[in-house]
Structure formats: C-alpha cells, structure tokens
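Trainee: model the structure of this input:
(chains A and B)
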Amino acid sequence: MNEDLEKKEVPAASEEEQYSLNDDRRVKVLSPGAMVAKRFFRNRIAVVGLCILAFMFIFSFIGGIISPYKENQQFYRIDIQNKEYAGAVKNTEFRYAAAPDQKFDSIIQAQVVLATTKKQDTVTYRDVTYGVIEEGKDFYRVTLADTDTTIGLAYKDIVTPSVEGTNFSFDFIFNALKAYTNDGTSFTADGKNYVIDEDGGVFSSDGDELAFISRYVIQTIVPGQFLSRAFQEELAAELEAGADSFVFTDVDGVESEYIIDYKPDVKNWKIRRATETRVYDTYGQPSREHPLGTDRNGMDMLTRLMYGGRVSLIIGFIVELIATFLGIIMGGLAGYFGKWVDNLIMRIVDIFYCIPSMPVIIIIGAAMDAMNMDPKLRMVYLMLILGFLGWPGMARLIRGQILSLREQEFMTATEAGGISVSRRIFKHLVPNVIPQIIVSVTMGIGGTIITEASLSFLGLGVKYPFASWGNIINDVNNTFVLQHYWFIWIPAGALLLLTVLAWNLVGDGLRDAFDPKMKR
Amino acid sequence: MRKYIIKRLFLSVIIFFFVMLIIYTLMRCLPTSYIENVARSKAQQPGSKSYEEWMAQLTAMYNMDKGILGGYFYWLRDFFRGNFGDSWYYTIPVIDEFNKTVWLSFWMGLITMFFELIIAIPLGIIAATKQYTKTDYTISVLALAFISLPTFFFIALLKLVFCVKLGWFDLFGLVGRNYMQLDAAHQFLDKCHHLVLPIVTLIVISIGGLMRYTRTNMLEVLNADYIRTARAKGLDEHKVIYKHAFRNTLIPLVTIVGGSLPGLFSGALFTETMFSIPGIGYASYHAMVGGDIPFSMFYLAFLAILTLLGNLIADILYAVVDPRVRIA
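Mentor: Model prediction:
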C-alpha cells in the first residue's frame, strides 16, 4: 500500500490544478519510512549520536587514507644517552721506578714508604742503608747511602705517554717528575731539552707532544679507544675542581657533554659521555608531527587510533551480521513453523544463552595465545566466535515477533488470498520485524565493540601489529603510563566510549521513531 | 505451580547437561599440553617414575583416555559427587580456592546491588514521570553513557583521579602495606577502604541498565488505563505515582532483581582483575589464562548453574508477584 501511495504522490500538485474533496492528493501523505525518518530527526539526542557516528566513520576510514603515516610505521628519535666512556682514579699510593741495572725490590719500597711517613731521610734494611731524598712534592729518590747511587724513584704523579706504546727512559721520568713536582717549566734529560706546561704536558724542544703528567690515572672503558692528552688534561683539571660534568670538544670537533660520577666505595670516577643514539620514539610527547604523540613501539598514535577504529567498527559490523543472519534463520523457522521446530530451536537458544560467553572467549583467546596464532587469522576467529555466541538473543526476538504477527488478521488475509508461503514470509512477515532487527543490531554493534575492546584490552583479542582501541588502551596496565602518558590511553578510551554511546543513542532514537505509539 | 517448577527444574538439568557438554568438548579440543608439562616435571624428580608412566597415570586421572563423551560422563559423575579435583594453577583443591574467593565477591556484589537499587530505581521513576523534560534527557543519556562505558577505561580514569592525582586510594590490592600490623577492626576498615573504588566501578557500570529498565516500565504503567482512572477520580499526582504506578512498576523490577540474585556469586572479572582484588572473578581469570582446566570447568559449571537458577527465580517470582499470571 505504501508503494501505491508514493506513486500517487509523484505527479506533483501544481497550484492551478483543482482537486476534488476526496482526492488523495489533497493530503500530504508520508510513507512510513519518511515518517520514521521525520520522527528520528526530530530527536535531537539521536541526531547527535548520528553525527558522532558519521565522524567516527570519517575518522577511521578516510582518516587512515589521508594520514601521512602507515599503521605500523615506526618512528625514531635521536636520544642522548650517557654511555660509559672512561674511568679515573686519583693516585694515592706510591708508584715506583727502578733505575737501570739496579735492584729496587718491594721490601725496600715498603721501607721507603715508612720513611716518608716518618719524615726520615735514611732507611736501613739488612745492613744496607738507603737514602730517601725528597726531590719534590710526593716525589722521592732512593739511593744507596754509601755510594749515592740512585736505585729507584717513588712518586705519585704519573707520566702517561701521549702516543700509545712509548717507553720513556728512567732519566726522562726522573727529570720530568722533578721539574713537575717543583713547578718547573723545563728540564733536560738524556741531553735533550723538554718543556712542561702548567697542565703537566711534556713537549720536546720542537714542540712535539710527548707525555702528560698527572696525579690521575685515566683509562678508557671503550675497547680500542685512545684518550687524547687534551681530554686527559681537561678531565684532570675538572676532577681537581670537583666538577660534576663538563663539555669538551674532541679532535674531530665534536662537542659532547661528559658526566663525572664519583664512586666512594672504590674511590674512582666514572666518566660517561652523552652520546647521540637513534632509538624508537617511544611514548613521544604530542608534537606537530604527532598530534597525539607516539606509542610504546614508536608508532604515531593518531594513525593507530584511525586504524584501530576501523578494526573496531568492522568487527562490530561483521559480528552483528553473523549473529543477525543466524538469528533470522533460526528465529524465523521457530516462529513460523512452531510446534516441535520451535521447541527444539528454543531449547538450543536456551543452551546458548546459558553458556558463559566471556569466560569461554577468554579461554579460547588464551589457547590461541598458546598456539601463537597468526594475528590476522585470529581476528577472523574472534569475529566468528563472537557472532556464533551472539545469535540466540536475535533468534528469541524474531521468534517472539513472528509468533505474535502470525496470529494477526493480515496474516489470515494473506492465507485466504492464497499467497504462497515464501511470499507470505518474506513480503509480509519479515518487513514487519525489520524495525526490531534494526534497533537490535544498532545497539548490538555497540555492545560488540565493547566486548572486542575488552578482549583486546586483556590481550586476548586483536593483537599487534593490528591496532584496536582496546589493545591501545592495554598500555594503561603499566602504572607509569597511567600516571604520565595521558595521550596513550585517554583518546582511545574517549573514542571508544563515544562510539558505543553513539550506537546506543541512534538505536534508542530508532526504537522511538519506529514506535507508532510515540507521542511526538 | 509445583508442577511448573518441577518441569522447569527438569528442563534446567537438561540444559545444564548440554551446556557443559559443549564446554567440555571445547576444553578437550584445546591444545594446552598441561598434562605433559606436569608429567615431565614429575618425572624429573629424584626417584620418580618415568615420564610415560606419569603420563598414563595423569591421563587416566583426568579421564583423558576415555574419549570426549566418556570423559564427560566421568566429569559429570565427579561433579555431582562434589569431587571437583585439584586446581592446577593454585595447586589446592578447586573447592578450597573457590571458598577462599567467592565470599569476597559475594559481599562486593551485595553492596553493589544495594546501592544500585537505591540509586537506579528512583532516578528511573523521576525520568519517567518527567518524560521529555531536561531531567529525563539528562538521566536517559547518563544511563546510556554508563551502559556504553568500557569498564577498563572507567577504572583507569578512576585510578588516575583518585589514586594518582588525589592519592586517596591504593592502585591495587585488597590490603595495604601495613595490614599485618593493624588490629582486627582496622584490618576490616583497611579492606573496606580498598574496596571503595571497585564497588564504585561496579555500581556505575550496572546502574544504567536498571535505570532504563525502570523508566521503560514506569512509562508503560503510566500509560495504563487505571492510571487515567486514578487521575480522573481526582487523586493527587503524588498518590497516583507512588501508590498506583510505582507498585505496578515493582512487578517487573522484583522479577529482574530476583533473577539477578544468583549472579551475586559470579564475581566481577574485569573489576577484580584490574584492582587485584582476590575474588572469584580474579581467581578464575588467572586460572583460565593459565590453562587450569579443573578450575575453569568448575567455574563455568558454576556460572551455568547461576544463570539457570536466575532464570528460574525470575520466572517463579513473576508468577508470585503478579496475580494476573497464573501458571497451570
């Protein structure tokens, strides 16, 4: 009948034409569909829901296309990491050097230390008297007292060669230390002249850098790395000044910051160098490139949200499609045929109703975890399982509707009119159930999205590398993320809440709009 | 009536049989190789039997050698004899772990239900009596928002506001750090303090549904003829609503509330897990994820019984409360 009415409406009423009083065209007739639409759009809350849904669809499906990034594209950032660079120890013990062809054994060395603490200038050991002559600050020359032959040196400042592997002669060391400990600026050794600068650098008369004298022993921690004299000098000066960190430009002109840590237990310093390293941009703060920051894997959050929305919406749709399809067939059969068919199907529905679906899905999810199932296949299974567990509600609804419709007069009329069974079902019964189906599907999609998100949140639904709003929020299980990275979980949660709310609002609006008893 | 109840009970038993058959089949098809793991670890103990012997013994113990249907009947027999087996995950008898956890869930559920009723029903009635006003819209949208609220997101928000920003509650757990040093009264208070947020969560997520249900039913009642009669004979509006309409709204409400009573024992899986509250939901979640088949089977059977019981109570209550319903 609706179609007939609509057809009559088509020849538009022109002003001049005169209609008779009982002409249908005098009354503006709306088709039931238009009536529903009119009632629906009058419901402001439902329209808000519709707008939110439209936004979500654009956001997820078109947003993913225009977003400059891909779903799984990872970003890097240059991070300054402090890596261990060198170690330094302040030398507090005497070190010894024996003169060529002389015996300067450890017992005599120990005696010399005793003598220096007692400020004695001779030591007697096994009837031999040794002379301990203070040549400079913390620098002693040990001699045989009888002959005044130098047998060795005891010193605390260390002569480090500038070029690795160089060995200095005893005479060089003696003279260099003597000059250094007495704040001298030059010395002569082995017949050559040398210069010492204030930092303890030793140069030949030609200006070549030879050695470096310092109280600090500085060693490299990185294998194969040689610390330049300039660095050592700088470090020694900074250590002397008690600095925590300093900036040094190395030979290649690279300026980096060095951090000095003193470890009191082993009395040494650790020097860490701030090195630039390329790392995943994990939990990057929102910026111009990434309006919602980046996630744990350094992926753009906004893009993940778009793709996540796609997954959530598609899963919601497909699950409801499966459930509705099964529900219509089973409910339709039960309602139309009644008797034992109805009884059987309704008992099956009872059984499915009674299965605790959430625990069952959790168990299956855990089993799929154990099997290391492919994430894509897993998503398909998830949809099938959710759909298969969801049909009983739909079947019950449709069966109830069809049972009551079957008894109404218009069905008797179709029977009396001799219309075939299939036509009776699909032309007269099913269209009358469609409103209930639409409302139920609309609200069902919202529920399914929540179920899927909950499972993904538990890590049992959609898995990495696929995004889903649920598994994006999953990061909040990490308390640090909960406290500090709002942009990881609040947008995803808000989108999820809004989408489900929108589906429910639209469903509610549709229910009211379909209800002819509605006052407005 | 008695005949009806007996018939329903009989039907429930049959449904239970098939539900558990489906679940048992599912469990048997899962590729969890827990038995092999146990057998391997037992075989490695000094002076132990060989792996094959352990395997044979364990398979026989769990009726894994009898086929799905045969194994199912053995499981049913054990279940009805009250022999629920030992939990693999908790390594104590299933029933002990159940007793340890279920009461906490029950009390949480009971408190939640109390608040749910005293908040949701009045709001639903107010919304219905003031249909199409701002109050009605606010309440309806709020109810829908609560229904749409993903539990885990809401919990995360609560934790951020009340635990992190305000610092009023602990993030996890049922007891505080210094629980052991407290006396009995303070221990109880400490537990209550830790249960505030979980219960608030449960109330908020359950309130929406009841609110909408109350509103729909109240609207239906308000459109009934006897309400028009009551108004026509000049009763004041207050009396019409609270004496005539409200009492009739109670019929479906009592039914649905009665039907949800067994559900108090089923635990709150998400809330308990996210707050680490050792209730039945938390225990069962870890058992299910950990592949603990005896405990999972018991828990699923328990849930199935609760559902059936709930339906039965609802149907009986419906007949008891509504004098128009007479069941032959």
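Trainee: residue of the stretch 151-300 of chain B closest to chain A, please.
Mentor: Distances between the stretch 151-300 of chain B and chain A by CB to the nearest CB are smallest at residue B:153, namely 3.6 Å. C-beta coordinates here come from the backbone N, C-alpha and C atoms, glycine included.
Trainee: my read: that residue touches residue A:496, true?
Mentor: Yes: here residue B:153 reaches residue A:496: they are 6.5 Å apart, a contact under CB atoms under 8 Å.
Trainee: could you dump stretch A:487-507 to PDB, C-alpha only?
Mentor: Taking C-alpha atoms only, stretch A:487-507 is exported to PDB below (Å, rounded to 0.1, in the frame of the first residue of the first chain):
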ATOM      1  CA  PHE A 487      47.800  10.700  25.400                       C
ATOM      2  CA  ILE A 488      48.300   7.000  25.100                       C
ATOM      3  CA  TRP A 489      45.000   5.900  26.700                       C
ATOM      4  CA  ILE A 490      42.600   8.700  27.200                       C
ATOM      5  CA  PRO A 491      41.900   9.500  23.500                       C
ATOM      6  CA  ALA A 492      41.400   5.800  22.700                       C
ATOM      7  CA  GLY A 493      39.100   5.400  25.700                       C
ATOM      8  CA  ALA A 494      37.200   8.500  24.800                       C
ATOM      9  CA  LEU A 495      36.700   7.400  21.200                       C
ATOM     10  CA  LEU A 496      35.600   4.000  22.300                       C
ATOM     11  CA  LEU A 497      33.100   5.500  24.800                       C
ATOM     12  CA  LEU A 498      31.800   8.000  22.300                       C
ATOM     13  CA  THR A 499      31.300   5.400  19.500                       C
ATOM     14  CA  VAL A 500      29.500   2.900  21.700                       C
ATOM     15  CA  LEU A 501      27.400   5.700  23.200                       C
ATOM     16  CA  ALA A 502      26.600   6.900  19.700                       C
ATOM     17  CA  TRP A 503      25.400   3.500  18.500                       C
ATOM     18  CA  ASN A 504      23.200   3.300  21.600                       C
ATOM     19  CA  LEU A 505      21.800   6.700  21.100                       C
ATOM     20  CA  VAL A 506      21.000   6.000  17.500                       C
ATOM     21  CA  GLY A 507      19.500   2.700  18.400                       C
END
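Trainee: next structured bit after the longest strand along chain A?
Mentor: Identified as the longest strand of chain A according to DSSP state E is strand A:76-90. As assigned by DSSP states H and E, the chain's next helix or strand after strand A:76-90 is strand A:95-98.
Trainee: contacts for that next one next, please.
Mentor: With CB atoms under 8 Å, 6 or more residues apart in numbering or on different chains as the test, strand A:95-98 has contacts from A:104, A:109, A:151-156, A:158, A:170, A:173-174.
Trainee: go again with 7 Å.
Mentor: A:104, A:109, A:151-156, A:158, A:170, A:173 (CB atoms under 7 Å, 6 or more residues apart in numbering or on different chains).
Trainee: still on that earlier bit, of residue B:153 and residue A:496, who's got more company?
Mentor: It is residue A:496, of residue B:153 and residue A:496, that has more neighbours when counted by other CB atoms under 10 Å in any protein chain shown, with 29 against 24.
Trainee: which residues sit in contact with the more buried one?
Mentor: By CB under 7 Å, 6+ apart, the residues touching residue A:496 are A:453, A:469, B:150, B:153.
Trainee: for the stretch 251-400 of chain A, what lies in contact range of chain B?
Mentor: Contact residues, the stretch 251-400 of chain A versus chain B (CB under 7 Å from any CB of the partner chain): A:350-351, A:354-356, A:358-360, A:362-363, A:366-367, A:370-371.
Trainee: run a quick neighbour tally on residue B:1.
Mentor: 11.
Trainee: what do you get for residue B:313?
Mentor: 17.
Trainee: wasn't it part of a helix?
Mentor: Yes: with DSSP: H, G, I helix; E, B strand; the rest coil as the criterion, residue B:313 is part of a helix.
Trainee: so which of the residues of the stretch 251-400 of chain A next to chain B is the most crowded?
Mentor: Neighbour tally across these (other CB under 10 Å): the maximum, 25 neighbours, falls on residue A:363.
Trainee: how about that one, phi and psi?
Mentor: Main-chain torsions, residue A:363, degrees, to the nearest 10: phi -60, psi -40.
Trainee: and for the one 3 residues further on?
Mentor: Note on residue A:366: backbone dihedrals following degrees, to the nearest 10 are phi -60, psi -40.
Trainee: surely it is in contact with residue A:460?
Mentor: Yes: contact criterion CB atoms under 7 Å: residue A:366 and residue A:460 qualify, at 6.4 Å.
Trainee: and residue A:142, which of the three is it?
Mentor: strand.
Trainee: tell me which of the contacts of strand A:95-98 fall in helices.
Mentor: Those of these mapping onto helices are A:109, A:170, A:173, per DSSP state H.
Trainee: and residue B:312, what does it touch?
Mentor: With contact taken as CB under 7 Å, 6+ apart, residue B:312 is in contact with B:8, B:12.
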